[in-house]
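Participant: model the structure of this input:
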Amino acid sequence: MPKYQATLDYLKDHKKKWLITGVGGFIGSNLLEKLLKLDQSVIGIDNFSTGYKDNLKSVKNSVDKEQWENFSLIEGDIKDLEICQQGCDGVDYVLHQAALGSVPRSIKDPVNTNISNVDGFLNILVAARDSAVKNFIYAASSSTYGDHPDLPKKEHLIGNPLSPYAVSKYVNELYASVFSRTFRINTVGLRYFNVFGKRQDPKGSYAAVIPRWIDAFIKNEPVYIFGDGSTSRDFCYIENVIQANLLAAISENLSESGEIFNIAVGDRTTLNQLTDIIKKSLPSNSESNIIFEDFRDGDVKHSQADISKAKKLLGYEPYYNVEQGISETINWFLTES
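Facilitator: Numbering: from 1, shown residues only. Coordinates of the predicted model:
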């Protein structure tokens, strides 16, 4: 990881000011921890509708007192433009992670998905433009590929979206592209593929599959699979996502703004394979039963990323594969959760 190590070395010697939206969430809190350990100054925005203050307590416990004092929280909603303007004031880099995630949630409640993910995105983008931030990095999504059949997924080939959530994330990309061309704000969209890791919530009806299954296996509770288990995903450990965000933020050699990058490992794991990996990574045998249910509306059958563009232009090199990430995540569940 020569490019990433150079980025970390640069940040250790240069204190910058960052804004993380959704700072109390899974990805946001992990980004916060990394930046504080690099002695960076961070502002966070969260309304804690899906994020948790306990995540911030966890970060506080993982850094020293001086590093924690470099963090300030704005408890508010990105649907409020004034909150976004307050957060962007004097900031060098924006890492926009706030959103209402989950395909099933968006099918149940498309209106609030659009308000948070589209209106909120536009607010933070306008605030970043007005504050002349150096780089605006935002969480895009692999759901944008929709029904396009080709594997692996290439950034320039997308299909029809299959859910309101996918529509909202695609609209983000369109807005970012327009703002890049019209207002000369540097934007980079990172299309995440099934991110997992520490601080990911295993509870609730919209919990992601890996934390939910790890929690169930540990507690010897039933594990539910939608479909026959042949569905596949490009699961990406959180440390790879942190790397991508920092590389994109610091990058100064992109040929054009408004770039989109796939962020994943570049591999496919079926749900059946995933259950085997989790069981083998547990310190003791689980007595959980696996129960197969109907395939969910809005889900895609297979997903795998072509990450060659991110490797070439960002210097991105995913350090953790699925097995390594699962092992790290289980260790966190057993010791911290």
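Participant: for the stretch 201-337 of the chain, what spans make up the strands?
Facilitator: Listed in chain order, the strands of the stretch 201-337 of the chain (DSSP state E, counting those that start in this stretch) span 223-226, 232-233, 236-237, 259-263, 269-270, 290-293.
Participant: so in that sheet, which strands flank the first one, and in what orientation?
Facilitator: Take DSSP bridges as the rule and strand 223-226 pairs in its sheet with strand 290-293 (parallel).
Participant: tell me the most buried of the strands of the stretch 201-337 of the chain?
Facilitator: strand 236-237 (a mean of 27; mean count of other CB atoms under 10 Å). Bear in mind the C-beta positions are built from the backbone N, C-alpha and C, glycine included.
Participant: what helices and strands are in contact with it?
Facilitator: Taking 3 or more CB pairs under 8 Å, 6 or more residues apart in numbering; DSSP states H and E as contact, the helices and strands that strand 236-237 lies on are strand 195-196, helix 322-335.
Participant: please identify the deepest-packed of those.
Facilitator: Highest mean neighbour count among the helices and strands packed on strand 236-237 (mean count of other CB under 10 Å): strand 195-196, with a mean of 22.
Participant: could you list every helix and strand in contact with that strand?
Facilitator: Strand 195-196 sits against strand 236-237, helix 238-250, helix 322-335, with contacts defined as 3+ CB pairs under 8 Å, 6+ apart.
Participant: make CSV out of the helices and strands packed on strand 236-237 and add mean pLDDT and distance to Ser232.
Facilitator: Formatted as CSV, the helices and strands packed on strand 236-237 follow (pLDDT from 0 to 100; distance: least, CB to CB, whole Å):
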stretch, mean pLDDT, distance to Ser232
strand 195-196, 96, 15
helix 322-335, 95, 11
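Participant: now render those as TSV, adding distance to Ala99.
Facilitator: Putting these into TSV (distance: least, CB to CB, whole Å) gives the following:
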stretch	distance to Ala99
strand 195-196	13
helix 322-335	22
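Participant: Ser288 is nearest to which of those?
Facilitator: Proximity of the helices and strands packed on strand 236-237 to Ser288 was assessed by CB to CB; the nearest stretch is helix 322-335, lying at 13.9 Å.
Participant: ok, which of the helices and strands packed on strand 195-196 comes nearest Asp46?
Facilitator: Put simply, out of those the one that sits nearest Asp46 is helix 238-250, at 16.8 Å, with distance taken as CB to CB.
Participant: name the residues of the closest one that come out as buried.
Facilitator: Residues of helix 238-250 classed as buried: 238-250 (neighbour count, 16 or more other CB atoms under 10 Å).
Participant: one more: stretch 63-80?
Facilitator: Residues of stretch 63-80 classed as buried: Val63, Gln67, Asn70, Phe71, Ile74, Asp77, Ile78, Lys79 (neighbour count, 16+ other CB under 10 Å).
Participant: the second one against Leu36, yeah?
Facilitator: Same thing as Gln67. Yes. Here Gln67 reaches Leu36: they are 4.5 Å apart, a contact under CB atoms under 8 Å.
Participant: quick one on the thing from earlier: can you put the helices and strands packed on strand 195-196 in TSV and add distance to Ile43?
Facilitator: What follows is the helices and strands packed on strand 195-196, written out as TSV (distance: least, CB to CB, whole Å):
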stretch	distance to Ile43
strand 236-237	26
helix 238-250	14
helix 322-335	26
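Participant: Gly298: which of these is closest?
Facilitator: Put simply, out of the helices and strands packed on strand 195-196 the one that sits nearest Gly298 is strand 236-237, at 20.3 Å, with distance taken as CB to CB.
Participant: strand partners (parallel or antiparallel) of the closest one?
Facilitator: Strand 236-237 sits in its sheet next to strand 195-196 (parallel), going by DSSP bridges.
Participant: any idea how far the partner strand is from the chain center?
Facilitator: Strand 195-196 sits 7 Å away from the centroid of its parent chain (CA atoms, centre = their mean, to the nearest Å).
Participant: figure out which of the helices and strands packed on strand 195-196 is closest to Gly101.
Facilitator: helix 238-250 (13.8 Å).
Participant: now stretch 78-91: buried residues?
Facilitator: By neighbour count with 16+ other CB under 10 Å, stretch 78-91 contains the buried residues Ile78, Lys79, Leu81, Ile83, Cys84, Gln85, Gly87, Cys88, Val91.
Participant: what do you get for stretch 42-51?
Facilitator: Residues of stretch 42-51 classed as buried by neighbour count (16+ other CB under 10 Å): Val42, Ile43, Gly44, Ile45, Asp46, Asn47, Thr50, Gly51.
Participant: tell me what angle the helix or strand hosting Leu8 forms with helix 238-250.
Facilitator: When elements are assigned from DSSP states H and E, Leu8 belongs to helix 2-13. Here helix 2-13 points in a direction 70 degrees away from that of helix 238-250 (axes from the mean of the first three to the mean of the last three CA atoms, to 10 degrees).
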